[in-house]
Every structure is written in structure tokens, then in C-alpha cells.
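**Student:** turn this into a model:
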Amino acid sequence: MSPRRTPAPADTSALFVRLPAAEARKLDRAAHAVGAAKKDLVAGLVARYVDPDSDDGLHALRRLGAEAPGALPRRVVVEADDPQLVVGHHSFRPADLPDVLTPAQAATLLQVDEDAVLALAEEGRLPGRRIGDEWRFARAAVVAWLSGDAEG
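**Tutor:** This is a model prediction of the structure:
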């Protein structure tokens, strides 16, 4: 049975963290065992053990941060007066391009209407293969055709 969720009070702040899997499971087990929400356990631990206002507290936090698995050597903190400013992490990896294209994908590659692609294919001017009632195009062959390297 999971703890009942209640609406967040107005004086709270959202926090997203990634924990090592073992510690996340430990937090799950603890929350279940005591019947408390994980956020309440974390808030209690921070209140009890985090003291950023004393040199000893900061020293202990630095030591703890340096010992964490995969810890980064330095952390950047950005404080802004603008509440709209959001600082985060972004990662982008473009999707792999398919080797075999549908008429719609070939049209996108050539930046023309799909009807133009089908007309060129039907006329035998654009390299492609009919498979049943469908046309398919090899990306490399279409690019070669466009650059004039293929006969057509």
C-alpha cells in the first residue's frame, strides 16, 4: 500500500534528482516500512543533516559530495532574480535516418510533393522499386540521382 498523496502546500519547492538505483530502492523500502512519503523522509533528512550556514556543515557536505559515486568535481549554482529563468540539462541525439524510404519520406528528402516522387518513379526517372502496390526508395540511390551520379 502506498502512502496517500496530499496537495503540496504553497511554501514548497519542486526538486528532481537522480539517485543511484541502490539508494532509490533503499528510500522506497524505508518509505513503505514507515508509511511516509519519500518527500517527507528527504525533507526530514535535509532538515536534520544539512547545515549550509556553518563552516563545519559545509565541510561535511563537500566531503559527502566528493565521496558520492560518479560525483562531479564542481557544481555550478545559478541564482537569478528572474523567476522565469530555468537552468537544466539537455541532451539531443537525432533519430537515425532510414536506408529505405517511403514515397512520403523521399518527398521530404527531395523537398517536393509526394505526387512528384510517385510520378518520377512511375516514369522510371527516379530510382526505386515497386513492392506490391507500394514504392520504396534507397536513400543512397535517391541522393546519387539528385547529385547526377546515377543514370536517369
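**Student:** in this protein, where is pLDDT below threshold?
**Tutor:** In the predicted model of the chain, residues 1-10, 65-80, 85-87, 89, 149-152 satisfy pLDDT under 70.
**Student:** ranges for the strands of it?
**Tutor:** Taking DSSP state E as the criterion, the chain carries its strands at 100-101, 129-131, 134-138.
**Student:** can you lay out those strands as TSV showing mean neighbour count and distance to residue 81?
**Tutor:** Placement of C-beta: from N, CA and C, glycine included. Output for the strands of the chain, formatted as TSV (neighbours: other Cβ atoms under 10 Å; distance: least, Cβ to Cβ, whole Å):
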stretch	mean neighbour count	distance to residue 81
strand 100-101	18	50
strand 129-131	10	61
strand 134-138	17	54
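**Student:** residue 48 is nearest to which of these?
**Tutor:** Residue 48 lies closest to strand 100-101 among the strands of the chain, at 59.8 Å (Cβ to Cβ).
**Student:** report all helices and strands that that closest one contacts.
**Tutor:** strand 134-138, helix 139-147 (3 or more Cβ pairs under 8 Å, 6 or more residues apart in numbering; DSSP states H and E).
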